[in-house]
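J.: Below: sequence and its predicted model.
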Amino acid sequence: MRIYVGGSLRNVPRDPELCRQFAAALGVEVVMRGHVLLSGGRSSLDEAIAAAAHDWLEREGEDPKSRIISYCLKDEKPVHSLGTIRHSALSDWQMNHSELDVPEQIDLAGATIFVAGSEGTFWAKNWASLARKMILGVPRFGGAGEEIYEKELKRLREAAPAQAEDYEALNSLSDDMSGYATEVVRLVERMLTPRNVFAVMSFKTKYRSVFMSCKMICREFQFEIERTDESTSLERIIPRIENGIRRSAFIIADISEPSPNVFYELGFAKGLGKDVIVTVREGAEVPFDVGDVPTIRWKRQQDLQEGLRKYISDLVMKYGR
């Protein structure tokens, strides 16, 4: 997983020394948990977090060049030389161009974390929003990080209440900076690769065995699958479906009995860029517009279970979890 961290140690409204400790702990936590640290290579935070990550990697005998990647503009000198430093292809990282190309350090990231800072931090956050990246603001030290946290929490409360509750773990008042950094990176992992799977399929009784096969195989890989008709949520049905798809690790869609609802949910998932495993009973007609999607064709539940086991195993390898 690639994680971008932005912000500043020069503009820290609250507990600046703790913020410096947190930056170092966060750098270590990102690489210690096997992720790649991305930055813009231009702020005091970029330097501090890269230094801590670099020291840890060298002590462990790992190559910092593959785990710390920073970009700088061609006419600028990077604030450090740790890990791999690359020139950006862009002349600047402003947003006042007729065509907007996302800065590489944001474009490559799966998630973005913002700590303290001010105007420059908001620029990076806006790029992350444009690129539809996961955004975590760290409120503990004030500044842009706190404002970003508050706006993102408000958005999640409206769009995905379950994620919002988890997101509030960022609002910790602890002085244990190592523990705080661990919780931040664990939150990234949970939100980027959640353990929920969303089922898209007919609710008819004859397909109950399909759902049970999906449930059994998902549990083998420590995923929990949910189906809208089994939810105890009081949300209205469409928001419940959309939120369930948004917060899922991937989707299992059985199209043995096509319906507008099934294809709406399948299309919504694909539109969000979710991984989808499509299953269909042998002999059922597959519409042209999903005919090129990798599909498990099953005749017996054993066929379905074996196919699911293979596809989910491939996804777990892809996610690195």
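T.: Nice, I can see it.
J.: V197: what's its closest spatial neighbour, skipping adjacent residues?
T.: Spatial nearest neighbour of V197, chain neighbours left out: I225 (4.2 Å); criterion: Cβ to Cβ, 6 or more residues apart in numbering. Where C-beta positions appear, they are placed from N, C-alpha and C, glycine not excepted.
J.: Q222 too?
T.: R195 (6.4 Å).
J.: And I106, by the same measure?
T.: W127 (4.6 Å).
J.: hang on, the earlier thing: pLDDT score for the residue nearest to Q222?
T.: Looking at R195, its pLDDT stands at 82.
J.: Please apply the same query to D289.
T.: 65.
J.: residue contacts, P103?
T.: G40, Y71, S88, L90, W93, A124, W127 (Cβ atoms under 8 Å, 6 or more residues apart in numbering).
J.: Filter these down to the ones in helices?
T.: Members of the contacts of P103 lying in helices (criterion: DSSP state H): A124, W127.
J.: can you list the contacts of P103 in TSV and add distance to G273, pLDDT and neighbour count?
T.: Below are the contacts of P103 laid out as TSV (distance: Cβ to Cβ, whole Å; pLDDT from 0 to 100; neighbours: other Cβ atoms under 10 Å):
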residue	distance to G273	pLDDT	neighbour count
G40	25	90	26
Y71	23	95	24
S88	24	93	18
L90	24	90	16
W93	24	91	20
A124	21	95	26
W127	18	95	24
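J.: I figured Y4 hits I106, correct?
T.: Yes: between Y4 and I106 there is a contact at 5.9 Å, judged by Cβ atoms under 8 Å.
J.: Show me the strands in the stretch 201-321 of the chain, by range?
T.: Using DSSP state E, counting those that start in this stretch, the strands of the stretch 201-321 of the chain run over residues 224-226, 250-254, 276-281, 295-298.
J.: hmm, back to that, ok, the residue nearest to V197 - how many residues close by?
T.: 20 (other Cβ atoms under 10 Å).
J.: pretty sure it is in contact with F198, am I right?
T.: Yes: if you go by Cβ under 8 Å, I225 and F198 touch, sitting 7.4 Å apart.
J.: contacting residues for the residue nearest to I106?
T.: Contacts of W127 (Cβ under 8 Å, 6+ apart): W93, M95, V102, P103, I106.
J.: just those: which has the poorest pLDDT?
T.: M95 (87).
J.: so it touches K125, yeah?
T.: No: counting by Cβ under 8 Å, M95 does not reach K125; the two are 11.4 Å apart.
J.: the more surrounded of these two?
T.: K125 (25 against 10).
J.: give me every residue that touches that one.
T.: Contacts of K125 (Cβ under 8 Å, 6+ apart): G6, T112, F114, I135, G137, A144, I148.
J.: Out of those, which sit inside strands?
T.: G6, T112, F114, I135, G137 (DSSP state E).
J.: mind checking how far the last one is from W123?
T.: Read that as G137. To W123, G137 is 14 Å away according to Cβ to Cβ, to the nearest Å.
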